[in-house]
Every structure is written in structure tokens, then in C-alpha cells.
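>>> From the sequence below, what's the structure:
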Amino acid sequence: MSNGNGTYDIIICGAGSAGLSTAVFCARKGMKVLVLEKNAATGAFPRGETLRPDPIITELLGPDFMERISTNRTAKRRYWCPGGRKSFSLERFQASYLFHWKDLTEGLSAAAQAAGAQILFNCEVTAPVLQNQRCIGVQSADGSRFFARTVIAADGHNSVLGKFCGLDYRGLNCPIAKRICSGIETDYDGMEYFFIPSGTLAQAPDLPPAVAFIFPRGEGEAEVGLMLLMAAVPEKRRVHAAPNLQRMLIVLQGLTTSYPGFSGRLKNARTLFEGVSMIPMAGLHPRTAKIPGLVLVGDAIGLVEASGGCGIVATMKQGAWLADFLEQNEPLEWDDKTAARLNREFQRSAIFRHIRNKYRKVVPLMRLLFHKPRPVSHFERLWDLLGFLYRRT
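Numbering: from 1, shown residues only. The predicted structure is shown next:
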């Protein structure tokens, strides 16, 4: 499907799971694909990740890929009541994979290039190129311009192209601080979540509702972190409620030394890495194509599981859906009607409806529980009921 005139069928901005998955599916259909990545390599932020099994992973990467890169697998989850005296547990039907983010992105990068996609690193996209109110390409930080029939914004939770479309990510993003630690001491081999209502931390009484977590990576290592539950904060207050990202690391350090249950597992732990980021888990943006010719995918629209914070499988499925849409509408001429049709059909897709329904179930529950400060005893009375409700999400 190469157009033969020096431009591309598809330009994808961002070489994360959303961008590279879309590149694989589009290139396999014969489209001429260019991926632009601002960093020198994929997986620049050395974090851990989790991923639930799904056939889309095998379609992209082969039947044994996740088994090769995983450091651990677990189906177990434990959810701790504020104060750490009560909990409920559940076990998923399938065990999730725990792995290094870079291992996944390198596998996707290899698959994209094997399918014929070109990847250009150290190329930071700064703006779309518009003509007659239609996106026809992108401009990079060094002034270079790249042209394509369709531009796909996969540049994450603070998407440059998404902001150009009018998205305010301060209302979608949940700040998160993460560590990779060794020397974890616990007799539980599943993922643990410790809920922290607003007003209950002496060192940070103004902190919005949050959840601390421990994800075992095997051999005494774990990913440890703290994420703010911004979906529980009224939308008009979110912009001003979130603290400075560096403060998140300070609060996380305080939790590791004094928070009930959480600190006991970390008292002798050693920090191998720490950093801060965002997860767009406070809402789903329904319009993936606001400007004809420019399509937002993955974190750029908040396509994240509200019940767990992972969007990898969802972005893979969106990439497959988008490649099918582009192929079925060939030759594609972008205008307002085409963009409206893409938005309409995507909102009817199985993956959009799945993510939207998760938000519809989880967000009201978060707001009901955490919309205002309450004492720990309040949550202890409700925790068994909450466990029953959560299992139904």
C-alpha cells in the first residue's frame, strides 16, 4: 500500500506498546509505516509492568514470548483496608505476567521492523503539520517535517499531539511513584494493594486518595509504588489537587517506613530504581480523531483498565482495530465525515466498550468511597461489602 511519492501511509509518534503494536498491524497489511520516537531506544523508563494473558499478544509476538520475558506470574490479588487491619483477596482465572517494560517494547520493535515498519529514534515530534484543517504530517524538534496520509499519536499520557487537539491531561492523569526493590519480606506471592484515603497520612494530610502497591517480580524483588486515585477527585479540582511529582517520592519513602503492613514488607528492602510518571486512569476520552488525519491511541485517550491500571492489551487491540479500519476504508480521504465515522465506529468497538464499562463501574465506586475524608473505622465497616462489589467489576 506504499504511495510511492516519498511520503508514508502511516506516521506513528511514539514507540511504546500502543505505537509499536499499531505499527505491526499496519505494516503487516502492506502499509508504509514510519515510527518516530524521541528517545534513543524503546523502554527508556526502566519500570516493571504487568500484563494479563490475551490472544492478541500471541498474534503480535508469538506463542512463547511472554513466558520468555516474564520474571514471575501470579493470579492472586489482596486489597488492604485503610489502616491495614482488614483485607479481602481474589484470584483471577489466569495468572498475570510480570516483566520488564523494556523487554516488551524491544520485542514489539523487532516485530514492527520485521513487518517492514521503519523506526527513527532521537526524533521528538513537536507539532502536527496541517493543510486545509487536515493533518498531513508532523514536525520534529530539529525542524524536519514528515508527511503521511494518516498520523497516529501514540506519545503517551502527556501527548503533544493530543494537547494540540485540546485535551487537558491534568484531568486524566494519575501521578505515580515507583520503585524496584530487592529484599522484600512477605509470605504472600500475589499483588497487594493498600488503600489510603485523603486526610489519613500525617506527613501528607492534603494528599488526594491513593493506593500503595507491591507487585512481586520473583527472587525477592518487587515493584513498589504509590498512585493517586484522581478519578475519586471531582473533575474541577483535579488540576490543583495533585502534588508535585517529586513530592510523590517523598510520600512513598514515608510509607515504606511507617505505613501498616506496607512498611513491614519493605523494612530491609534495597532500592534498585525509583522514578515518577503518570497513568491516564481518571477518565476515557471518547473522540480518538478530533482533527481529520490525526488519530489518538492508547494513553493519549486514557485507554486504561480502571480496575487495574494497565492499558497494554487494550492498546494492542486498538492498534489491530485501527489497522482494519484504515484497510477497509482504502483509499482513505480524510475529512470531517471520515473522522466522525472513525469516532463512531471506534465507540462501538468491543475494546472501547470494555474500557468504558470498566470506568463506569470503578469510578463511581471510587467516588463513593473516597470523595471526602473519613476515619479508618468507616472503611473497616464497609470492607467486606466492598470486596463483594469489586469481584463483580
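
>>> In this structure S159 contacts G298, no?
No - using Cβ atoms under 8 Å as the test, S159 is too far from G298 to be in contact (9.0 Å). Any C-beta I mention is one placed from the backbone N, CA and C, and that applies to glycine too.

>>> more neighbours, these two?
More crowded of S159 and G298, by other Cβ atoms under 10 Å: G298, with 31 against 24.

>>> Backbone dihedrals for the more buried one, please?
The phi/psi pair for G298 (degrees, to the nearest 10) reads phi 60, psi -130.

>>> What distance do you get for it to W383?
From G298 over to W383 the distance is 34 Å, taken as Cβ to Cβ, to the nearest Å.

>>> got a list of contacts for the least confident helix or strand in the chain by mean pLDDT?
Ranked by mean pLDDT, DSSP states H and E, the weakest helix or strand in the chain is helix 235-241, scoring a mean of 76. For helix 235-241, contacts defined as Cβ atoms under 8 Å, 6 or more residues apart in numbering pick out 168, 170-171, 208, 230, 233, 282-283.

>>> Same list (these) but as TSV, adding neighbour count, distance to R73 and secondary structure.
Below are the contacts of helix 235-241 laid out as TSV (neighbours: other Cβ atoms under 10 Å; distance: Cβ to Cβ, whole Å; DSSP: H, G, I helix; E, B strand; the rest coil):
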residue	neighbour count	distance to R73	secondary structure
D168	11	38	coil
R170	15	36	helix
G171	18	35	helix
P208	22	32	coil
M230	28	30	helix
V233	24	34	coil
A282	27	29	coil
G283	19	31	coil
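
>>> how about the strands of the stretch 101-250 of the chain, start to end?
Ranges of strands in the stretch 101-250 of the chain, per DSSP state E, counting those that start in this stretch, are 118-120, 125-131, 134-140, 145-153, 174-182, 191-196, 210-218, 221-228.

>>> just those: most buried one?
Highest mean neighbour count of the strands of the stretch 101-250 of the chain: strand 221-228, a mean of 25 (counted as mean count of other Cβ atoms under 10 Å).

>>> Just checking: what are the partner strands of that strand?
Sheet pairing of strand 221-228 (DSSP bridges) gives strand 174-182 (antiparallel), strand 210-218 (antiparallel).

>>> Now do the phi/psi pair for the residue most central in space within the chain.
Centroid-nearest residue in the chain: G311, 4.4 Å away (criterion: Cα atoms, centre = their mean). In terms of degrees, to the nearest 10, the main-chain angles of G311 are phi -120, psi 10.

>>> didn't it look like it was pressed against I301?
No - between G311 and I301 there is no contact under Cβ under 8 Å: 9.8 Å.

>>> picking up where we left off before, just the CA trace of the least confident helix or strand of the chain, in CSV.
Extracted C-alpha coordinates of helix 235-241, given in CSV (Å, rounded to 0.1, in the frame of the first residue of the first chain):
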residue,chain,number,x,y,z
GLU,A,235,-13.0,16.9,37.9
LYS,A,236,-12.8,20.7,38.5
ARG,A,237,-10.5,20.1,41.5
ARG,A,238,-8.1,17.7,39.8
VAL,A,239,-5.8,20.3,38.3
HIS,A,240,-5.0,21.8,41.7
ALA,A,241,-5.2,18.6,43.8
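
>>> how about it: buried residues?
Applying a neighbour-count criterion of 16 or more other Cβ atoms under 10 Å, one finds 238, 241 buried in helix 235-241.

>>> next one: stretch 197-210
Neighbour counts over stretch 197-210 (16+ other Cβ under 10 Å) mark 197-201, 204, 207-210 as buried.

>>> same question, stretch 366-384
Across stretch 366-384, burial judged by 16+ other Cβ under 10 Å covers 366-367, 369-370, 374, 379, 383.

>>> Of all pairs in these, which one is the farthest apart?
The most widely separated members of these, counting by Cβ to Cβ, are R367 and W383 (17.4 Å).

>>> related to what we said a few turns ago, minimum distance to G48: which of the strands of the stretch 101-250 of the chain has it?
Checking the strands of the stretch 101-250 of the chain against G48 by Cβ to Cβ gives strand 221-228 as the closest, at 3.7 Å.

>>> for the closest one, what is the average pLDDT?
Here strand 221-228 scores 94 as its mean pLDDT.

>>> As CSV, could you dump the C-alpha coordinates of that strand?
Taking Å, rounded to 0.1, in the frame of the first residue of the first chain, the C-alpha atoms of strand 221-228 are listed here in CSV:
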residue,chain,number,x,y,z
GLU,A,221,12.4,-8.4,44.1
ALA,A,222,9.2,-6.4,43.7
GLU,A,223,7.8,-3.3,42.1
VAL,A,224,6.6,-1.0,44.8
GLY,A,225,4.7,2.3,44.3
LEU,A,226,2.1,4.9,45.2
MET,A,227,-0.6,6.1,42.8
LEU,A,228,-3.1,8.9,43.3
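
>>> Distance to R73 for the strands of the stretch 101-250 of the chain - can I get that in TSV?
Below are the strands of the stretch 101-250 of the chain laid out as TSV (distance: least, Cβ to Cβ, whole Å):
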stretch	distance to R73
strand 118-120	30
strand 125-131	36
strand 134-140	39
strand 145-153	32
strand 174-182	18
strand 191-196	11
strand 210-218	9
strand 221-228	14
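
>>> what's the closest of the ones you listed to Y359?
Per Cβ to Cβ, nearest to Y359 of the strands of the stretch 101-250 of the chain: strand 174-182, 12.8 Å.
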